[in-house]
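Novice: quick check, what structure comes out for this input:
(chains A, B, C and D)
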4 protein chains.
Amino acid sequence: MSRRRIRSDLGWSTTDKIVVRGKDLPGEILGHLNLGDMAFLELTGRTPNPNESKLFNAMVVTLVEHGITPSALAARLTYLGAPEAMQAAVAAGLCGLGSVFVGSTEGVARMLSENADLKSYKKIPGLGHPIHKPVDPRTVRLFEIAEQTGFYGKYCKRMEEIAAEKKLVLNATGAIGALACELGLDWRAVRGLGVMARAVGLVGHLLEESREPMAEEVWYRIEEEASSHLKPKR
Amino acid sequence: MSRRRIRSDLGWSTTDKIVVRGKDLPGEILGHLNLGDMAFLELTGRTPNPNESKLFNAMVVTLVEHGITPSALAARLTYLGAPEAMQAAVAAGLCGLGSVFVGSTEGVARMLSENADLKSYKKIPGLGHPIHKPVDPRTVRLFEIAEQTGFYGKYCKRMEEIAAEKKLVLNATGAIGALACELGLDWRAVRGLGVMARAVGLVGHLLEESREPMAEEVWYRIEEEASSHLKPKR
Amino acid sequence: MSRRRIRSDLGWSTTDKIVVRGKDLPGEILGHLNLGDMAFLELTGRTPNPNESKLFNAMVVTLVEHGITPSALAARLTYLGAPEAMQAAVAAGLCGLGSVFVGSTEGVARMLSENADLKSYKKIPGLGHPIHKPVDPRTVRLFEIAEQTGFYGKYCKRMEEIAAEKKLVLNATGAIGALACELGLDWRAVRGLGVMARAVGLVGHLLEESREPMAEEVWYRIEEEASSHLKPKR
Amino acid sequence: MSRRRIRSDLGWSTTDKIVVRGKDLPGEILGHLNLGDMAFLELTGRTPNPNESKLFNAMVVTLVEHGITPSALAARLTYLGAPEAMQAAVAAGLCGLGSVFVGSTEGVARMLSENADLKSYKKIPGLGHPIHKPVDPRTVRLFEIAEQTGFYGKYCKRMEEIAAEKKLVLNATGAIGALACELGLDWRAVRGLGVMARAVGLVGHLLEESREPMAEEVWYRIEEEASSHLKPKR
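Specialist: This next block holds a predicted model:
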């Protein structure tokens, strides 16, 4: 029984044609759009203009690589057990991009786009950083690119005001959340910027793990320390 | 007890500095590299030249969106149950990029880079397509871009010979596997091209799902049909 | 640099000894504890008495199999693409056990154990069911077992009062959340009951999928319908 | 267009009835089957007799808890970033149960049930253990339970012969693979025994992590060591 029509506008193909978001994939996309532009097309249904392309690519690129993160470690430890299923190792690494890391971009975009009451927040997303203080150098650079491309606007200003008021650094996820609003992106897609970026970075980590492994050593050390109080003394 | 040194060359940061692959992230990467270039940097340790950038971006962009795939459906069905954890829905969608779909790029790159004996294969990866025959329009276009950028070489030729010999279409994963070899990528990273690309596409699917849902309807229909032979007739 | 001691009390092993939660695995656990008892040991640090064993096993068993769910479909669709990585297909199926399905057990246990103000809830967890009305037969049976084993207590009564007040059916996740409180389980472990149970059920689905596949047919049908408005008419 | 009938025999429900594998869930399953028995029902379509129940539960219980494994670490690191999505942390932990860990049970069951030529194996699954030598105490105990329950048979003997011939310890995954064959389980379900067991154990790890966290400390230490050769000396 069919209750509701099922439809998707993302893509279709026939024997000799492949169309994505209304564009001919071989003819209009391949060789014309870079990976960030393609992401923009996926999320907005249109190709970015050069300014949008520059800013959007910078936002996503910011989130690709952060060195050894919990997410990268989870991916590497997963790869140790299932090297034949690299896709599952990337998936494991993505699973932790929640409320604590990366997910805060979504919180910022939602807060700004819904003009939320700050008093309703226990902790305002996008503020504070354990290492980068008093400024996050990524925020500085992203807002510089926003100025150059004409996208530094009310959402960026609002976040800077909030940060000043709370006397906390405006971190990169705060900047990216604000810039996503400037670009008119739906807040429900904004966590996805970090997810797609980190997928790129995790592939880099797994390639390095295949050449210079650390997962096994991490495991041995932690296992040994964690259970040393339980094991009989030799 | 430390048995082995743990090290990673991917990135590091201090209070005011963030360095990825030896480059200053704000100063040398943001605003300079697009997302595909950044992926190239992650996988090779260097920034691509313009020809490499054009080809590499085209290869990855090819794999972003294929409409409603099993992977996209798995992501959408996951999002239905946990919309607060979009990252887990993307992860679920990636888990199926194994030997049957997408993973064949890896098989092609390995086969070509190791100059494997074709007789040892039950099924040669990168050949055949259920829909795109007698040619896969993506292969045609990717090899055209390879010609333009100077990367159409021995691995592409070899795959075309194999396809001709086996009288099967050289599909996009076959072309991408060959082009990865032309670019000198390690075969162990090649499945990752599809994984990162599909992560981008899955975010697009989840945004569409949040606006025009299909997962619940899919579930109802399939559940009803699957169990109709068991349920008492009304 | 070590900042904090790393320790775990769950298990350890030496050449000839394997100890889990202070018990000798071969000698005191294997052949003595069933899988539900083992889960109880993992979550509480002690073996259950016969009444606890009966109730706890019944709670978890309730959540194993619900036929074709979104979670089961996600697992099957994942298996279609990566049959060599069954563990990843189970993982994909688990990723959707969030706020909408299964996760509500956690919400109930937290609400009851923290004696939360009902007015702070937009939607009270554990109430209502699309099919099972006016009673959920699992709730009836679980509370019967709770009576028999001496665990029908204040949390069960409280949930029944809330359901009566809201004029909604007390569903199985509501009952299980209440019973988890009666057993003294930490609410933070309660979502895990559904996760472990569903892992068991998903293995069953994947075995059936390997024998009587549905994923490919689901894919073809949905893909065809979803893109039919885009494709050129033949 | 429907090409093929979609059906599943696992379960169905109506307003007042829930049936799993042909049995009334509230009336015939809850309070009667423990979690291991329920898993047996899912995999075989029938309830186990007492001997089957004892052996099958012991096999699965063996695989629940191994202390700090790569899988447990991946789950804990994931939970650090997304504590609101515990199901995704369990999923991340399961993703690594592949060819290196746990998955070898499948290899053993397949080898034995297909009576495979040992010469075709580079490495015979189920043999050898880094710690438990010259015997794996779990194997000893599992075979003891097999003797008691009447399931010590040709597959167990065959594995013992192979281990003796190769002068390697018959490890627990080897024993479990053989016992799965004795119970008549399909080899395609056997990796699933470890997957469901480990799902139980991972919930235990995440509960411990929520009380006595280690993930953040693991991250800090490894990040510091991994990048120390890159960072400027202070």
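Novice: every contact and neighbour count from this point should use C-alpha atoms.
Specialist: Will do.
Novice: how many neighbouring residues does residue A:105 have?
Specialist: As a burial measure, residue A:105 scores 30 neighbours (other C-alpha atoms under 10 Å in any protein chain shown).
Novice: ok, then the element right after the helix or strand hosting it?
Specialist: Using DSSP states H and E, residue A:105 maps to helix A:104-113. Using DSSP H and E, the helix or strand that follows helix A:104-113 in sequence is helix A:137-149.
Novice: close to chain B, is that following helix?
Specialist: Yes. Against chain B, helix A:137-149 shows contacts by C-alpha under 8 Å from any C-alpha of the partner chain at A:137, A:138, A:141, A:142, A:145.
Novice: need the residues of chain A near chain D, please.
Specialist: So chain A meets chain D at A:67-71, A:73-75, A:77-85, A:88-89, A:91-93, A:95-101, A:215-216, A:218-219, A:222-223, A:226-227 (C-alpha under 8 Å from any C-alpha).
Novice: stretch A:51-64 and chain B, are they touching?
Specialist: Yes. Applying C-alpha under 8 Å from any C-alpha, one finds stretch A:51-64 in contact with chain B at A:54, A:55, A:57, A:58, A:59, A:60, A:61, A:62, A:64.
Novice: hang on, isn't the last one packed against residue A:203?
Specialist: The one in question is residue A:64. No. Because the distance of 10.1 Å does not satisfy C-alpha atoms under 8 Å, residue A:64 is recorded as not touching residue A:203.
Novice: the two - which one has more neighbours?
Specialist: residue A:203 (30 against 24).
Novice: wait, doesn't that one sit right on residue A:88?
Specialist: No. If you go by C-alpha under 8 Å, residue A:203 and residue A:88 don't touch, sitting 11.1 Å apart.
Novice: centroid residue for chain A?
Specialist: Centroid-nearest residue in chain A: residue A:194, 0.5 Å away (criterion: C-alpha atoms, centre = their mean).
Novice: which residues touch it?
Specialist: A:60, A:63, A:64, A:97, A:102, A:103, A:105 (C-alpha atoms under 8 Å, 6 or more residues apart in numbering or on different chains).
Novice: can you list the buried residues in whichever strand or helix holds the first one?
Specialist: Right, residue A:60. Take DSSP H and E as the rule and residue A:60 turns out to sit in helix A:50-62. For helix A:50-62, burial by neighbour count (16 or more other C-alpha atoms under 10 Å in any protein chain shown) applies to A:52, A:53, A:54, A:55, A:56, A:57, A:58, A:59, A:60, A:61, A:62.
Novice: again with stretch A:110-121
Specialist: Applying a neighbour-count criterion of 16+ other C-alpha under 10 Å, one finds A:110, A:111, A:112, A:113 buried in stretch A:110-121.
Novice: what's the closest non-adjacent residue to the third one?
Specialist: Counting by C-alpha to C-alpha, 6 or more residues apart in numbering or on different chains, the nearest residue to residue A:112 once its immediate chain neighbours are dropped is residue A:155, at 6.6 Å.
Novice: need the pLDDT of residue A:16.
Specialist: Here the pLDDT value assigned to residue A:16 is 88.
Novice: how far away is residue A:170 from chain C?
Specialist: For residue A:170, the distance to chain C (C-alpha to the nearest C-alpha, to the nearest Å) stands at 27 Å.
Novice: not counting sequence-adjacent ones, nearest residue to that residue?
Specialist: Nearest in space to residue A:170, with sequence neighbours left out and distances taken as C-alpha to C-alpha, 6+ apart, is residue A:127 at 4.8 Å.
Novice: same question, residue A:71
Specialist: Excluding the flanking residues, the one nearest residue A:71 by C-alpha to C-alpha, 6+ apart is residue A:93, at 4.5 Å.
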